[in-house]
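[1] 3D, please:
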Amino acid sequence: MIPYVTDIPDIDIPSHMLPGDGRFGSGPSKVRPVAVEALARAAGGYLGTSHRQRTVKSVVEKVRRGWTELFGLPDGYEVVLGNGGTTCFWDAATFCLIEHRSQHLSFGEFSSKFAAAAVAAPHLCEPEIVSSEVGTHPTATAREGIDLYALTHNETSTGVMMPIRRPEGAALPSDGGGLVAVDATSGAGGLPVDPTQFDAYYFAPQKCFASDGGLWLALLSPSAQERIARIGASDRWVPAFLDLSIALENSKLDQTYNTPALATLFLLDDQLSWFNENGGLPFSTGRCDRSAEILYTWAEGSDFATPFVRREQDRSHVVGTIDLDASVDAATVAGVLRAHGIVDTEPYRKLGRNQLRIAMFPAVEPDDVAALCACINHVVGALAS
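    Predicted structure coming up:
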């Protein structure tokens, strides 16, 4: 565990060095001020209104249409929304997407949680769990009897990203193969993806989509929808809150099964519109690419910092993890940064490394990442003097 530093050294970072916005948290992430201002302007006729009426349903409709555009979804794919966040979706998937047995790639805190949910589900067979050490990712392997392959686009805890591809040699679900379900909580909108390579691509809005948590969103292929319908027609008991057939039915009506957070929906729609109006996924991923290039180039040229993820192609472009030399206490550096309004650069608590974790979601300005790197250099230099 990384200790919490209470005795912060009296180090001054000149104001001209500071980033324009000091929010680098991996979730909840930076929300663009213009989106908050737009929410304030709309509040009188939007917040506190019925989610079953057109005022809110039109926002849900716009969000569903916007995601179809952003990801270039093929015909027949559906955008589905529900309350509870990604953690809730893992439980829903154990009821409504996994038929008998799943395979899970586990390479960090969050990728392991869906696997744990499948292990705990008494109605499922023991899943196959393919693990690799933190800082790397394993590869899905086609297996007889596996009806769902669980991948993670970006492991938020370690800063590892992986390409999303169906397992080599696996039959398509339409030919009796397993579904591909992808946890894209911190990757969706910030990393490129081919929708033909997944059947369920699910995420939450508090990362790349610069909103608050509490919702899950899923892009479902026709095969995933067929699986949901088939399980729904079986004798398997499913709690209504976790029933994806109910979520799918309500989403087609541009609503959620129960009351959503209206501010979350509004901010989500604003961010999604910003992406699509400026070029779509190439625009949003391009911003992350530029930030990642700045961060990793700085770390590779530093005499006290090193990218934690060794393989360049595995280094996340949305959540960067940077190890610091043992002579530099990362918690102290993060504490000095926080005292100057540069917040949430601490590492993931359970990873327990002497490192900084820096979000590079699309809302983060690449120039602010460059300013952050300069501030870290300044703080480390002051600590050494």
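
[2] Quickly list the domain ranges of this protein.
    17-31+279-384, 34-277 (automatic domain parsing).

[3] Just tell me which of these ends up closest to D7.
    domain 17-31+279-384 (8.6 Å; CB to CB). For every residue, glycine as well, the C-beta is placed using N, CA and C.

[4] Let me know the average pLDDT across the helix or strand T332 falls within.
    Using DSSP states H and E, T332 sits in helix 330-339. Averaged over helix 330-339, pLDDT sits at 97.

[5] Going along the chain from that helix, find the next helix or strand for me.
    Counting by DSSP H and E, the next helix or strand C-terminal to helix 330-339 is strand 355-359.

[6] Can you give the distance of that following strand from its chain's centre?
    Strand 355-359 sits 15 Å away from the centroid of its parent chain (CA atoms, centre = their mean, to the nearest Å).

[7] Okay, and T297 sits in which element?
    Residue-wise, T297 maps onto helix 281-301 under DSSP H and E.

[8] just checking, what packs against that helix?
    With contacts taken as 3 or more CB pairs under 8 Å, 6 or more residues apart in numbering; DSSP states H and E, helix 281-301 sits against helix 54-71, helix 262-277, strand 305-307, strand 319-324, helix 366-384.

[9] So what touches that helix?
    Applying CB atoms under 8 Å, 6 or more residues apart in numbering, the contact partners of helix 281-301 are 70-72, 189-192, 208, 275, 279, 305-307, 312, 315-318, 320, 322, 358, 360-362, 364, 366, 369-370, 373.

[10] So how do I select the buried members of those in ChimeraX?
    Command for ChimeraX that selects the buried part of these, burial taken from 16 or more other CB atoms under 10 Å:
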select :70,71,189,190,191,192,208,275,305,306,307,315,316,317,318,320,322,358,360,361,362,364,366,369,370,373
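
[11] show me where the stretch 1-150 of the chain has helices.
    33-46, 54-71, 85-96, 111-120 (DSSP state H, counting those that start in this stretch).

[12] deepest of those helices, which one?
    Comparing those by mean neighbour count (mean count of other CB atoms under 10 Å), helix 85-96 ranks first with a mean of 22.

[13] And the closest residue to I342 other than its chain neighbours, what's its pLDDT?
    Excluding its sequence neighbours, the residue lying closest to I342 (CB to CB, 6 or more residues apart in numbering) is G22, at 3.9 Å. With respect to pLDDT, G22 scores 98.

[14] count of neighbours near G22?
    For G22, the count of nearby residues is 20 (other CB atoms under 10 Å).

[15] One more: the one 10 residues further on?
    Counted with other CB under 10 Å, residues neighbouring R32 total 18.

[16] For it, grab phi and psi.
    Taking degrees, to the nearest 10, you get phi -60, psi 130 for the backbone angles of R32.

[17] ok, for it, nearest residue in space, not its chain neighbours?
    Nearest residue to R32 in three dimensions, chain neighbours excluded: A363, at 5.1 Å (CB to CB, 6+ apart).

[18] ok, now D91?
    With CB to CB, 6+ apart as the criterion, D91 has its nearest non-adjacent residue at 5.4 Å, and that residue is L242.

[19] what's near enough to touch the one you found?
    L242 makes contact with 88, 91-92, 95-96 under the criterion CB under 8 Å, 6+ apart.

[20] With V36 instead?
    Contacts of V36 by CB under 8 Å, 6+ apart are L267.

[21] pLDDT value on it, please?
    98.

[22] How much space separates it from A43?
    10 Å (CB to CB, to the nearest Å).

[23] in the protein, which residue is closest to the centre?
    Centroid-nearest residue in the chain, with CA atoms, centre = their mean: S186, separated by 1.5 Å.

[24] S26 is in contact with that one, correct?
    Yes: shown here, S186 and S26 form a contact pair, counting by CB atoms under 8 Å, at 6.8 Å.

[25] Spell out which residues are contacts of both of those two.
    Counting by CB under 8 Å, 6+ apart, the contacts common to S186 and S26 are 156, 207, 319.

[26] what pLDDT does P122 get?
    pLDDT at P122 comes out at 97.

[27] For it, give its distance to F95.
    11 Å.

[28] next one: E168
    29 Å.

[29] okay, now L267: neighbour count?
    Residues near L267, counting by other CB under 10 Å, number 23.

[30] contacting residues for the nearest residue to it once chain neighbours are set aside?
    Nearest non-adjacent residue to L267, counting by CB to CB, 6+ apart: S211, 3.9 Å away. Counting by CB under 8 Å, 6+ apart, S211 touches 31, 205, 264-265, 267-268, 271.
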